[in-house]
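S.K.: build me a model from this:
(one chain, ligands or ions: 1)
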Amino acid sequence: MLTEHLQSIHADWTHALQTFPETIRSNVGEQVQLHREQLAASFYEAMLANTEAARYLDNKSVKQRLSGSLQRWMVDLFQLETSPEHIKKQIQQQVEIGVIHARIDIPVHLVLRGGRILKISFNDCTDLSEDAYRFFRTLLDLSLEVLAIAYHKNAERNTRTEEAYRLFSISQDVGREKEAQRAALLNWENHILFSQATGDTSAESMRLAQSEFGLWFRHKGLHAFEGAPECNQILAEIDRLDSSILPLMTDSSADKINVIHDIRAALKTISFCLESLFKRSEELETGKDVLTRLLNRKFLPAVMSKQLTLARTRNERYGLLVIDIDHFKDVNDTYGHDNGDYILQQVAVVLSNSTRSGDYCFRLGGEEFMVVVVDVNQQQVLAVANKLRETIAKERFKLTSGKESLHLTTSIGVSVYSGHPDYTYDMKHADQALYQAKQQGRNCVVLWDETAD
Ligand SMILES: Nc1nc2c(ncn2[C@@H]2O[C@H](COP(=O)(O)OP(=O)(O)OP(=O)(O)O)[C@@H](O)[C@H]2O)c(=O)[nH]1
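M.R.: Sure, this is the predicted structure:
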């Protein structure tokens, strides 16, 4: 589903394809195809000459990857196809590019500058009718508009998450806040019961939304926990209590015992949601995965952008190890989930103890971990990966009974910083190498092969 903004772009895109005759569109498409190398060359020449843009680029990546991607993007953009599905696909592709720009943090003005360079170069290397140039500019502008929308949305989301987190961690002591809000909710319940007993049931003084808890939740909690699904659930329960259940307190035909039960049940749901929100925020506050105490995924962007800056400015390369426990499902199936959890904790300890203090150990999720090995070359990363694999294979992992133990093996996919400004690019390669390690029979290390891409 396209958002409202993108739907209007879809309409404009369709209109542009309908307005310009096929002869013009096909002519422009052919010229883009013919001059793609030259267009990409002038684009990157101008970008590399710009100090700000050059921070995101280097000659090797331009030659090996970026120039080819830019050429493919342009040729794709000027395909002759005009079906609504094709236009939708085109728009979605531009959205994906905008999301990557936001992740890499490439400012929009540089993207616009790129668009301007392409327009000038296309003019310089072709000799076409004014209508053809107009078509070229229209489609390029539509694409840039989508890129900017996607960029803005994602950059804004990142900032909002950070803001919410900051607000919470700066102004609150999470542990104390949790206790205070639990107590506020309990106070409200006591207040309701007391009002019922004394017959003082004026609706306004009883509304949960206006209580200390309600005010805190609506003004601070919602902001701090923004985006969490429990927020809507709490809001819905507050609303249900205030608008449907509380009025029954003054309704002489309602069964008061049932009303009290309903209030209790709603408060229980709210408490439960609140508990899980706080639990997540404690995890967020420390940046640690609750089970293993390793770093959680949330902190990947922060850590990786620091590493990328070091790689760019000080030429300190890093390696990524994506580590997956082999046949972990069998461990759960044979010894139960608690033992599975216990083993994950022990694997995390081995990872922490076997890496240097400057390295970063993440739990990516489930039984998959990642180590960012800092300041290394390819040979050193491979040595670290092999040492880790051997250490884990030699270890005896205890079961919760304390009596038995078992051996485990791991498969490890390795990639080395490639110069790409988007860290997910190298992570994807480490993932692909891990897949190969599993294919090769597990309990092994595979380095991502650059020539295989
Ligand atoms: N105990 C426990 N198990 C988990 C956790 N997260 C994921 N798992 C389990 O990890 C297992 C992963 O299984 P698969 O993805 O099939 O992989 P595998 O059995 O390790 O097999 P290969 O990776 O192919 O060697 C599943 O059984 C998940 O339920 C967790 O937090 N605790």
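
S.K.: so where do the strands sit in this protein?
M.R.: 295-296, 319-325, 360-365, 368-373, 397-398, 405-406, 410-416, 445-447 (DSSP state E).

S.K.: any chance of those in TSV, plus mean pLDDT and distance to the ligand?
M.R.: For every residue, glycine as well, the C-beta is placed using N, CA and C. Formatted as TSV, these follow (pLDDT from 0 to 100; distance: least, CB to the nearest ligand atom, whole Å):
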stretch	mean pLDDT	distance to the ligand
strand 295-296	84	12
strand 319-325	98	5
strand 360-365	92	7
strand 368-373	96	8
strand 397-398	96	12
strand 405-406	95	14
strand 410-416	97	7
strand 445-447	98	14
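
S.K.: shaky segments in the stretch 201-350 of the chain?
M.R.: 201-204, 283-287 (pLDDT under 70).

S.K.: again, but for the stretch 1-150 of the chain
M.R.: In the stretch 1-150 of the chain (pLDDT under 70), the answer is 1-2.

S.K.: all helices of it, in order?
M.R.: Along the stretch 1-150 of the chain, counting by DSSP state H, counting those that start in this stretch, helices occupy 4-19, 22-49, 51-54, 59-61, 67-77, 84-104, 108-125, 130-171.

S.K.: in contact with the residue in the stretch 151-300 of the chain that the ligand sits nearest to, which residues?
M.R.: Of all residues in the stretch 151-300 of the chain, Leu291 sits closest to the ligand, at 5.9 Å by CB to the nearest ligand atom. Counting by CB atoms under 8 Å, 6 or more residues apart in numbering, Leu291 touches 341, 344-345, 363.

S.K.: separation between it and Lys329?
M.R.: 17 Å (CB to CB, to the nearest Å).

S.K.: most surrounded residue in the contacts of Leu291?
M.R.: Arg363 (24 neighbours; other CB atoms under 10 Å).

S.K.: need the contact list for that one.
M.R.: 289, 291-292, 294-297, 344, 348, 369.

S.K.: try 6 Å
M.R.: Going by CB atoms under 6 Å, 6 or more residues apart in numbering, Arg363 touches 289, 292, 294, 369.

S.K.: quick one on the thing from earlier: quick one: closest of the helices of the stretch 1-150 of the chain to the ligand.
M.R.: Closest among the helices of the stretch 1-150 of the chain, using CB to the nearest ligand atom: helix 130-171, at 23.7 Å.

S.K.: contacts only, for the residue of the stretch 301-450 of the chain found nearest the ligand.
M.R.: Nearest residue of the stretch 301-450 of the chain to the ligand, counting by CB to the nearest ligand atom: Gly340, 2.4 Å away. Shown in contact with Gly340 (CB under 6 Å, 6+ apart): 331-332.

S.K.: burial of the residue nearest to Ser281 when sequence neighbours are not counted, as a residue count?
M.R.: Closest residue to Ser281 apart from its sequence neighbours, by CB to CB, 6 or more residues apart in numbering: Val174 at 5.7 Å. Look at Val174: counted by other CB under 10 Å, it has 17 neighbours.

S.K.: ok, Val174 to Asp289 distance?
M.R.: Taken as CB to CB, the span from Val174 to Asp289 is 17 Å.

S.K.: same question for Ile270.
M.R.: Ile270 is 27 Å from Asp289, by CB to CB.

S.K.: what do you get for Glu45?
M.R.: 45 Å.

S.K.: now swap in Leu193 and tell me
M.R.: For Leu193 relative to Asp289 (CB to CB), the value is 40 Å.

S.K.: repeat for Gly336
M.R.: 21 Å.

S.K.: same deal with Leu406?
M.R.: 22 Å.

S.K.: who has more neighbours, the two?
M.R.: A count of neighbours by other CB under 10 Å puts Asp289 above the other of Leu406 and Asp289, at 22 against 14.

S.K.: the more buried one contacts Asn296, correct?
M.R.: Yes - under the criterion of CB atoms under 6 Å, Asp289 makes contact with Asn296 at 4.3 Å.

S.K.: measure how buried the residue nearest to Glu52 when sequence neighbours are not counted is and give me the count.
M.R.: Using CB to CB, 6+ apart and skipping residues adjacent in sequence, the residue nearest Glu52 is Leu110, 6.6 Å away. Using other CB under 10 Å, Leu110 has 16 neighbouring residues.

S.K.: quick one: Leu110 and Ala53 touch, right?
M.R.: Yes - with contact defined as CB under 6 Å, Leu110 counts as touching Ala53 (5.2 Å).

S.K.: torsion angles phi and psi at the closest residue to Leu248 other than its chain neighbours?
M.R.: Spatial nearest neighbour of Leu248, chain neighbours left out: Ala254 (4.0 Å); criterion: CB to CB, 6+ apart. Dihedral pair for Ala254: phi -80, psi 150, per degrees, to the nearest 10.

S.K.: okay, now Ala254: neighbour count?
M.R.: Neighbours of Ala254 (other CB under 10 Å): 14.

S.K.: make residue 1 into 39 and carry on from there
M.R.: Okay, using 39 as the starting number, the last item reads as Ala292.

S.K.: from memory it sits against Ile283, does it?
M.R.: No - with contacts counted by CB under 6 Å, Ala292 stays clear of Ile283, the gap being 9.5 Å.

S.K.: domain-wise, how is this structure divided?
M.R.: Domains of the chain are assigned by automatic domain parsing as 42-196, 212-324, 333-490.

S.K.: counting neighbours, what do you get for Ser291?
M.R.: Ser291 - counted by other CB under 10 Å - has 5 other residues nearby.

S.K.: what does Gln477 give?
M.R.: Around Gln477 there are 10 residues (other CB under 10 Å).

S.K.: can I get the contacts of Leu329 in a markdown table including distance to His299?
M.R.: Compiled in a markdown table, those are given as follows (distance: CB to CB, whole Å):
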| residue | distance to His299 |
| --- | --- |
| Asp379 | 36 |
| Leu382 | 40 |
| Gln383 | 40 |
| Arg401 | 41 |
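
S.K.: inside helices: which ones of the residues you listed?
M.R.: 379, 382-383 (DSSP state H).

S.K.: in the stretch 239-388 of the chain, which spans are helices?
M.R.: 241-244, 250-254, 260-262, 267-278, 294-324, 338-352, 366-373, 375-392.

S.K.: for Asn481, find the nearest of these.
M.R.: Minimum separation from Asn481 across these (CB to CB) falls at helix 366-373, 13.0 Å.

S.K.: picking that back up, possible to save the helices of the stretch 39-188 of the chain as a markdown table with distance to the ligand?
M.R.: Below are the helices of the stretch 39-188 of the chain laid out as a markdown table (distance: least, CB to the nearest ligand atom, whole Å):
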| stretch | distance to the ligand |
| --- | --- |
| helix 42-57 | 35 |
| helix 60-87 | 40 |
| helix 89-92 | 42 |
| helix 97-99 | 32 |
| helix 105-115 | 32 |
| helix 122-142 | 26 |
| helix 146-163 | 39 |
| helix 168-209 | 24 |
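
S.K.: columns distance to Glu354 on top of the ones you listed, output as TSV?
M.R.: Converted to TSV, the helices of the stretch 39-188 of the chain look like this (distance: least, CB to CB, whole Å):
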stretch	distance to Glu354
helix 42-57	40
helix 60-87	22
helix 89-92	19
helix 97-99	16
helix 105-115	26
helix 122-142	19
helix 146-163	25
helix 168-209	25
